[in-house]
Each structure stands twice: as C-alpha cells, then as structure tokens.
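Student: one predicted model, sequence on top.
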Amino acid sequence: DSGVTQTPKHLITATGQRVTLRCSPRSGDLSVYWYQQSLDQGLQFLIQYYNGEERAKGNILERFSAQQFPDLHSELNLSSLELGDSALYFCASSVRDRADNEQFFGPGTRLTVL
Amino acid sequence: AQTVTQSQPEMSVQEAETVTLSCTYDTSESDYYLFWYKQPPSRQMILVIRQEAYKQQNATENRFSVNFQKAAKSFSLKISDSQLGDAAMYFCAYRSSSSGSARQLTFGSGTQLTVLP
C-alpha cells in the first residue's frame, strides 16, 4: 500500500458524459501527478499540481482539467468523453517538487467509456 | 523532449535464471534520474530501482541491478534468480533533475516479463 488513494476504482460511463476522478496523496505530500495508461498511448503524464498550484502540463486534452484543493487532494475532471478516453488513470504523489523525491502511485481508476 | 525506448515488448525467463531488460533514452540534459517500475497484474506501479545520472556506480537492490551507460544512453535491468513473483510488465522511466525542469516521469512502452516454472 503506497498510501495514495484513488476513487472510484472502476468507472463505466457513456460517450459525451463527464466524470471526476479523485486522488488523496500520502500524508504530508505536496505534489500530485496524474498519468494516463492506455493501450494506444502507453503511460503518459497529464498534469502536476504542487501545493495547490498547477506546476506542469503534459499531453492533457482541453476536455480534461484538474485541480488541487487546500487539503491537498486532487481531482481530475474528464468531459465530453470519447471511446478513446478509456484508460487507467493513475495519481502519484511526492513530498516536494524535487527530482530526488520518489513518486508513490495510487492503485488507479479504470475508466471505461461505452 | 526526452524519449525512452524499450525495444523488447516481451521477454521470458526460466525460474532461478537471470534476465536482462533493455532500455535506451534520449536527452540533452546532464542531470537526471532513471527508474525501473514493475506493474504486476494488479496494475499497481511499484518502484524497483533508481539510478542518479551523476553517480557512476550502478544501483543494486537485492536481486535487481542496473547497467547504466551514460554515454550510450543505455539503462538495462538485470534480474537474478528470477522468481514467479517477478512476472510483470516492467517500465523504464526518465525524470529530469535540471533546475527549472518539470519533474514528471517519462515512460517507455514496457516489457512484459514471463517467468517459466
């Protein structure tokens, strides 16, 4: 158990819908990363937040957005869902934003878009 | 941008034998970290080993060791005395440590390791 929690574990929805994925980082971790794992794209970085502020953006679609709240939990919002958005979405957290800080991964949320 | 390449989509090894997984990367940076992550069927991402680019000594964690060749931009993972529990997808990953650079992980496409009893 990494100490990072993600809810829900599984999510099944229809095209065009909107969903919210939630991540609670390890206690004391200020930095949160979101990654997407799909058959087509592999594992890719979406976005990073550090202490409530957006720190870095990767290949995140405009239909996707995220935020980190004062209690440091983070949410990833996916809207106008398409079949290709079906994937495993990971959240990871680290203590700070240093390169030597290990990233601890949550168990992931598996999203299926029908 | 940095890229990470794993050219072996699948590998197999006999239990108790040794296997080496390959990884190459491309970067113009001099300061970075390299990682191997294991993803078993549970899909949990588990850190296996990490290497700091400025360290010439290869990292070792029990049965896992790396061969880091900075000039060749190569970072292979050796698993000794393979066990059934080692069966998983293995990902090589890169992380910049240059000042001002983002800290996300860039992953390779993975190598599926099968351990044969």
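Tutor: Nice, thanks for sending it over. Numbers count the residues shown, from 1 in each chain, chains lettered A, B, ... in the order given.
Student: beta-bridge partners for the residue nearest to the spatial centre of chain B, please?
Tutor: Centroid-nearest residue in chain B, with Cα atoms, centre = their mean: B:Trp36, separated by 3.0 Å. Counting by DSSP bridges, B:Trp36 is bridged to B:Ile49, B:Cys92.
Student: quick check: it touching B:Met89?
Tutor: No: look at B:Trp36 against B:Met89 with Cβ atoms under 8 Å: they stay out of range, at 11.1 Å. Where C-beta positions appear, they are placed from N, C-alpha and C, glycine not excepted.
Student: which residues touch the residue in chain A positioned nearest to chain B?
Tutor: Checking chain A residue by residue against chain B with Cβ to the nearest Cβ singles out A:Ala99 as nearest, at 3.3 Å. Counting by Cβ atoms under 8 Å, 6 or more residues apart in numbering or on different chains, A:Ala99 touches B:31-33, B:95-97, B:101, B:103.
Student: the residues you listed, buried ones only, as a PyMOL selection?
Tutor: A single PyMOL command selects the buried members of the contacts of A:Ala99 (16 or more other Cβ atoms under 10 Å in any protein chain shown):
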select buried, chain B and resi 32+33+95+96+97+103
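Student: in helices, which of the contacts of A:Ala99 fall?
Tutor: Per DSSP state H, helices hold no members of those.
Student: can you tell me which of the contacts of A:Ala99 end up in strands?
Tutor: B:32-33, B:95-96 (DSSP state E).
Student: just to revisit the earlier point, I'd like to know how far the residue nearest to the centre of chain B sits from chain A.
Tutor: 13 Å (Cβ to the nearest Cβ, to the nearest Å).
Student: which strand residues bridge the residue most central in space within chain A?
Tutor: Centroid-nearest residue in chain A, with Cα atoms, centre = their mean: A:Trp34, separated by 3.2 Å. When bridges are called by DSSP bridges, A:Trp34 pairs up with A:Ile47, A:Cys91.
Student: that one is in contact with A:Ala66, isn't it?
Tutor: Yes: between A:Trp34 and A:Ala66 there is a contact under Cβ under 8 Å: 6.1 Å.
Student: joint contacts of these two?
Tutor: A:46-47, A:60, A:74, A:76.
Student: next, format the ones in strands among the contacts of A:Ala99 as JSON lines and append distance to chain A.
Tutor: As requested, the ones in strands among the contacts of A:Ala99 are exported to JSON lines (distance: Cβ to the nearest Cβ, whole Å):
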{"residue": "B:Tyr32", "distance to chain A": "8"}
{"residue": "B:Tyr33", "distance to chain A": "6"}
{"residue": "B:Arg95", "distance to chain A": "6"}
{"residue": "B:Ser96", "distance to chain A": "7"}
